[in-house]
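Peer 1: what's the 3D shape of this:
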Amino acid sequence: STEKIEVVPLMVKRMDFSYKDGEDYVFSDPETFDTVHLNPEIVGDAKNYLIENASVTMTLVEDKPVLVEIPPSVVLAVTDAPEGIRGDSANNVQKPATVETGPSRGRAEVPLVEYEKLLEGRRARQREAQRTVAPAVVLGSAEYTGSVRQGALVLGVSLDVTLDSTDRYKFVPLVGEGVVLVSATESGTSIPVTRRGGYHVWVTKKRGEARISLEILVPARGPRGSIEFDFAIARTPVTKLTCRFPSLGLEPRADAAIESKITSDGPSTSLSATLRPTTRIHLIGFKDLGSEADTQSKVYAESSSLLSVDDGALELFSVIRYTILYGAAKDFLVQVPSGVEVVSAEGEGAFRYSLERAESGTLIRGETAFPIRGSYEISVRLRRETAKGTLDFVAPLPRAVGIEREQGYLGIEVPGKLKLEETRKEEIVPVDVRQLPPEMVDSAVSPILLAYRYHSPSAKVSLRAERLPEKDAASASIDNVEATTVLSPEGREMTRLVITLRNRARPSLVLSVDRETEVRSSLLDDQPVKPSRDEEGRLMLPLKRSAGGDRMEPFTLEIVLESSVGSFGLFGRKTLDLPAIDLPISSLEWTVFAPARNSYSRLLGEVSTQSWAGEASWHQPPATPGG
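Peer 2: This is a model prediction of the structure:
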């Protein structure tokens, strides 16, 4: 067999349940201390039996958790007892009690003596809770200050907390247990620290405000050639980070930074950042660019350009996506054709640009505040005023300058009443619109008429735009005509026309017939009407206005005509014609009944080409007596 079964990476590992964070359940790896946040759907029924620091088995597919399994049995402590129900017998030996099961609660039967102790403890806790209004621990601001020394991050931490006035124990989270805690003091006095829920925790009965000072060491992590630090912290409303690095040319960044500032002071680089409320500090992207002075970066570009052709103006919106390899870049040059106005140029990383005019066009010279590695994107909006009417032009494509290779897509839309056609192309290939990037199709305001792909900076496509002639919308239209013709042996022809149409303003419908043709009856929505003839002998049938306003409703016009086609002989050919109607017909059905005593070879007719309805053919059913 040629079938191949895709191998899916599957891994099963032991994890410890740490705590519940809102709706999520937090697990930690006992070996690496990495934490994983899972939603209740993934945890499943196991959430009803999770206890802090309990071990579970977690299944991961492609490093993504998909299943959490608990041990076959767990030991649970009896923690609470509900109030007794009036009428319970005093001789009951067993009473229901509540056992600990993490976020949920289970039930167990306990002796009456134990039940009474639990019940009294529950009432005492309720009385205590009623006296406690504020939370036991409120974290204030936190400030992390330090430097990188010999591959490790040395930080001093200042944490402000407010403790309630009760005499109970409070648990104050300090920092994640994945870091090395060198010292912990409160007002200059050492404090005892334990581990709980993945954090170093201070357990205290202290009341009021306290300022905790810590000294911690964070080991470096990440691939070779970079410096990366990642560790858990206590979530505080105000978090500030200040860090100094022992060399110049670095680009330190903090994932959770709302604002940051990088400065060079002597032979070092400093980062000052204000972080949003977060449970982790992740510093990434530290790299000494000075050590790569001999490494030339390679830059590639792909453009997605949408050209909007309107009567009097051409507007082009282009997104240039850069891929930067083997280094970094902070200068980005874009060449714009002559005669085109640069409306805007935008990019991230404190992007700024200037325009340099030349005979060949305009050069957009863009620059970022710091070197960019990996990928970068610039959005350019161009406009060119044109004369109204017929216009021959070349699509104004912007070009990335000073790169290894450029390729791109071009889509052309026409919002107005213009006819667009290609007149010439060079080094550019037409493609189906469905091959364009989805974001181009989604941003178009009108259907994209032409689409191209190119792989050369000299790609060019010439186009012609012509204004379409304007025609007044038809005030009436015919949906269907059902014609039935009966031929008699004597050569009389009786034709019944049932016309379904819509009308907004026309007073009459004109039928071209012979002067010898007689009108036997005419009905407008089953009501008799009297037709008339014009100077050319054409029939004029009175109409009414359709109901329904803008969405006109159809009505029916019925007319019966009689004429002569000559008697049938032994041999011959008869020609039948329907009356010509002065409105286009959407669909036509014509049934002919001929005398049964004659034999017919075949029925011939002329059918015009129909691009949507397909081919038409005649079918001669067998003649039946009396038909």
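Peer 1: ok, what's across the strand from Glu209?
Peer 2: Following DSSP bridges, Glu209 is listed with bridge partners Thr162.
Peer 1: so who does it touch?
Peer 2: Asp160, Val161, Thr162, Leu163 (Cβ atoms under 8 Å, 6 or more residues apart in numbering). No exception for glycine: its C-beta is placed from N, CA and C like everyone else's.
Peer 1: Now do the same for the second one: its pLDDT.
Peer 2: Looking at Val161, its pLDDT is 94.
Peer 1: correct me, but it touches Gly208?
Peer 2: No: judged on Cβ atoms under 8 Å, Val161 makes no contact with Gly208 at a distance of 9.8 Å.
Peer 1: quick one: which of those two has more around it?
Peer 2: Val161 (25 against 9; other Cβ atoms under 10 Å).
Peer 1: where's that one relative to Trp202, distance?
Peer 2: Counting by Cβ to Cβ, to the nearest Å, the gap from Val161 to Trp202 is 9 Å.
Peer 1: Between these two, which contacts overlap?
Peer 2: Val172, Ile212.
Peer 1: how about the helices of the chain, start to end?
Peer 2: Taking DSSP state H as the test, the helices found in the chain are 40-43, 112-131, 438-443.
Peer 1: Between the ones you listed, which one is closest to Ser586.
Peer 2: When these are ranked by distance to Ser586, counting by Cβ to Cβ, first place goes to helix 438-443 at 31.6 Å.
Peer 1: Kindly provide the whole-number mean pLDDT of the closest one.
Peer 2: 88.
Peer 1: Distance from the chain centre to it, please.
Peer 2: 11 Å (Cα atoms, centre = their mean, to the nearest Å).
Peer 1: what about Ile281, how many neighbours?
Peer 2: Close neighbours of Ile281, defined as other Cβ under 10 Å, add up to 26.
Peer 1: Please name the residues that touch the nearest residue to Arg506 once chain neighbours are set aside.
Peer 2: Excluding its sequence neighbours, the residue lying closest to Arg506 (Cβ to Cβ, 6 or more residues apart in numbering) is Ala476, at 4.5 Å. Ala476 is in contact with Leu501, Arg502, Asn503, Arg504, Ala505, Arg506, Leu509, Leu543, Leu583, counting by Cβ under 8 Å, 6+ apart.
Peer 1: tell me the centre residue of the protein?
Peer 2: In the chain, the centroid-proximal residue (Cα atoms, centre = their mean) is Glu439; its distance is 9.5 Å.
Peer 1: for that residue, what are its contacts?
Peer 2: Glu439 neighbours (Cβ under 8 Å, 6+ apart): Ser304, Val319.
Peer 1: Can you select the buried ones from the contacts of Ala476 in PyMOL?
Peer 2: If you want just the buried ones from the contacts of Ala476 in PyMOL, going by 16 or more other Cβ atoms under 10 Å, the selection is:
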select buried, resi 501+502+503+506+509+543+583
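Peer 1: need the contacts of Ala476 in TSV with distance to Glu518, can you?
Peer 2: Output for those, formatted as TSV (distance: Cβ to Cβ, whole Å):
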residue	distance to Glu518
Leu501	23
Arg502	28
Asn503	26
Arg504	31
Ala505	30
Arg506	25
Leu509	18
Leu543	21
Leu583	23
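Peer 1: Closest one of the contacts of Ala476 to Pro9?
Peer 2: Taking Cβ to Cβ as the measure, Pro9 lies nearest Arg502 of the contacts of Ala476, at 63.8 Å.
Peer 1: export stretch 378-397 as CSV, just CAs?
Peer 2: C-alpha atoms of stretch 378-397 as CSV (Å, rounded to 0.1, in the frame of the first residue of the first chain):
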residue,chain,number,x,y,z
ILE,A,378,5.8,48.3,6.1
SER,A,379,2.5,49.6,4.8
VAL,A,380,2.6,52.1,2.0
ARG,A,381,-0.4,54.1,0.6
LEU,A,382,0.0,55.8,-2.8
ARG,A,383,-2.3,58.0,-4.9
ARG,A,384,-2.1,59.4,-8.5
GLU,A,385,-4.6,61.8,-9.9
THR,A,386,-5.8,61.0,-13.5
ALA,A,387,-7.9,62.5,-16.2
LYS,A,388,-11.5,61.3,-16.4
GLY,A,389,-12.6,59.1,-19.3
THR,A,390,-10.4,56.6,-21.2
LEU,A,391,-7.0,56.1,-19.5
ASP,A,392,-3.9,54.1,-20.4
PHE,A,393,-1.6,53.6,-17.5
VAL,A,394,1.0,51.3,-15.9
ALA,A,395,0.2,49.9,-12.5
PRO,A,396,2.3,51.9,-10.0
LEU,A,397,4.1,49.1,-8.1
